[in-house]
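Student: Fold the following.
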Amino acid sequence: HRAAGLVSQGEAPARRMVTTYTRRAAGEMRSRLALTVEGADRMWVGTIHTLMWEAISQYRAALGYPSQITLLAPSEQIELIKELAESLRAPVPKEFNRARRSGVHTQDTRRFLALYEARLKSWNALDYDGLIEAAHRLLDLPEPREYMTSRFAHLLLDEGQDIPDAQWRWLQRLCVPHLFVVASPAQQIQTFSGVSRTTLQTYADGAALYPLTLSFRCPKVTLAAATKVIGPGVLQPETWSDKLVGIAACYWFHRPEEEVAFIAATIMERLAAAEPLSTMAILCRTNALANDIGEGLFAKGTPVQVIG
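Tutor: Numbers count the residues shown, from 1 in each chain. Next up is the predicted model:
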């Protein structure tokens with residue numbers, strides 16, 4: 001709606017940038033904009049990483065990369081770290097990634113980082129942390145800085161609560177005149193990457209706030225169950241809709257086998273009550289956890305299909 005409003009006011013679509021945290025969310029946003037905003041195909045819509053990648057690829061020679069840069073996937077980064085640890089016959093230094101992001105190193109992390117970055121350089125490659133560092137270095141150069149800081153007049157930023165400090169600082173350096181941020185601190189999920197509740201407050205300080213008072217993502221009964229786990233005062237009940245109904249319960253297990261046994265028993269009870277398997281789903285935080293639960297259920301003779 002904000003983008004459509006800017007178009008109605010005569011703003012050029014090419015001068016607007018819409019960013020969000022994941023490629024999937026960016027794709028959904030692009031589809032919605034195409035249905036509601038005239039000239040949406042001329043707007044830049046994507047993730048902050050994608051914008052950084054495009055800028056670095058355009059000016060790679062100025063950064064000292066002779067040919068097209070390869071961006072390492074997280075799985076490739078993990079394999080490289082394991083390979084280097086094996087070559088050193090030593091474990092990966094604790095807090096290696098955190099030390100790299102913060103710049104605060106021990107002797108072990110500094111030594112490991114030197115080897116790691118030398119290998120990336122020999123591959124003409126960057127990982128995601130290196131991508132952010134290179135994007136900052138790019139804005140230290142006159143020509144790229146002039147191009148990037150004059151490119152956009154409006155920045156519409158979604159999921160602002162999950163943007164890390166280094167990316168916020170880079171966005172600030174773009175000097176976009178008008179910033180519009182949609183964020184919900186209660187839905188913050190990226191604390192493992194160093195994002196805290198004060199991050200958003202720091203970079204949105206002085207901005208006009210327009211609170212969103214309703215969310216239809218889940219019913220209040222789910223909120224009540226979540227509050228028992230994470231504690232009171234984090235999620236605000238008034239932001240959740242009464243229109244969704246359901247039943248939610250929390251169970252605690254001391255061992256993985258207990259969890260698998262409980263899930264298997266629950267599935268068999270529902271099958272005995274003539275509930276079809278197509279109405280049941282198990283959502284897991286990681287693929288590894290889904291595989292473990294799937295194997296446990298299969299061993300118990302419980303019908304299961306692991307997806308992902």
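Student: Quickly note the distance from the residue lying closest to residue 82 once chain neighbours are set aside to residue 139.
Tutor: In space, and not counting its chain neighbours, residue 82 is closest to residue 92: 7.6 Å by Cβ to Cβ, 6 or more residues apart in numbering. Glycine gets a C-beta too; all of them are placed from N, C-alpha and C. Per Cβ to Cβ, to the nearest Å, residue 92 is found 31 Å from residue 139.
Student: and if you look at residue 43?
Tutor: In terms of Cβ to Cβ, residue 43 sits 22 Å off from residue 139.
Student: who's more crowded, these two?
Tutor: Between residue 43 and residue 139, counted using other Cβ atoms under 10 Å, residue 43 has the larger neighbour count: 25 against 18.
Student: Make sure that one is actually in contact with residue 12.
Tutor: No. Between residue 43 and residue 12 there is no contact under Cβ atoms under 8 Å: 9.5 Å.
Student: quick one: secondary structure of residue 306?
Tutor: coil (DSSP: H, G, I helix; E, B strand; the rest coil).
Student: who touches it in this structure?
Tutor: Going by Cβ atoms under 8 Å, 6 or more residues apart in numbering, residue 306 touches 290-291, 294.
Student: which of those count as buried?
Tutor: 290, 294 (16 or more other Cβ atoms under 10 Å).
Student: okay, the contacts of residue 306 in TSV with pLDDT next?
Tutor: What follows is those, written out as TSV (pLDDT from 0 to 100):
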residue	pLDDT
290	87
291	86
294	88
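Student: Which members of the contacts of residue 306 occur in helices, if any?
Tutor: 290-291, 294 (DSSP state H).
Student: So for this structure, the centremost residue is which one?
Tutor: When Cα atoms, centre = their mean is applied to the chain, the residue found nearest the centroid is residue 21 (4.9 Å).
Student: in this structure, which spans are strands?
Tutor: For the chain, applying DSSP state E gives strands covering 16-20, 44-47, 70-71, 125-126, 154-157, 178-181.
Student: Of the ones in helices among the contacts of residue 306, which is the nearest to residue 118?
Tutor: Of all these, residue 291 has the smallest distance to residue 118: 34.8 Å, by Cβ to Cβ.
Student: So for that closest one, what's the nearest residue that isn't a sequence neighbour?
Tutor: residue 306 (6.1 Å).
Student: How confident was the prediction at the one you found?
Tutor: If you check residue 306, the pLDDT there is 85.
Student: same thing with residue 116?
Tutor: For residue 116, pLDDT reads 91.
Student: Correct me if wrong: it contacts residue 81.
Tutor: Yes. Contact status for residue 116 versus residue 81: in contact at 7.0 Å, counting by Cβ under 8 Å.
Student: Residue 89 - how many residues pack around it?
Tutor: Quick note: residue 89 (other Cβ under 10 Å) scores 6 neighbours.
Student: Ignore what I typed, I meant residue 94.
Tutor: By other Cβ under 10 Å, 10 other residues sit near residue 94.
Student: for residue 176, same thing?
Tutor: Going by other Cβ under 10 Å, the residues that sit close to residue 176 add up to 21.
Student: who's in contact with it?
Tutor: 17, 152-155.
Student: try residue 259
Tutor: Neighbours of residue 259 in contact, by Cβ under 8 Å, 6+ apart: 251, 253, 293.
Student: these two touch, right, the second one and residue 262?
Tutor: Yes. With contact taken as Cβ under 8 Å, residue 253 and residue 262 are classed as touching, separated by 6.9 Å.
Student: Please verify my assumption that residue 29 contacts residue 22.
Tutor: No. Using Cβ under 8 Å, residue 29 is not in contact with residue 22; the gap is 10.3 Å.
Student: More neighbours: those two, which one.
Tutor: residue 29 (20 against 13).
Student: State the distance from that one to residue 2.
Tutor: Distance, residue 29 to residue 2, using Cβ to Cβ: 12 Å.
Student: again with residue 165
Tutor: 25 Å.
Student: quick check, nearest of the contacts of residue 176 to residue 105?
Tutor: Relative to residue 105, and with distances defined as Cβ to Cβ, the nearest of the contacts of residue 176 is residue 155, at 33.1 Å.
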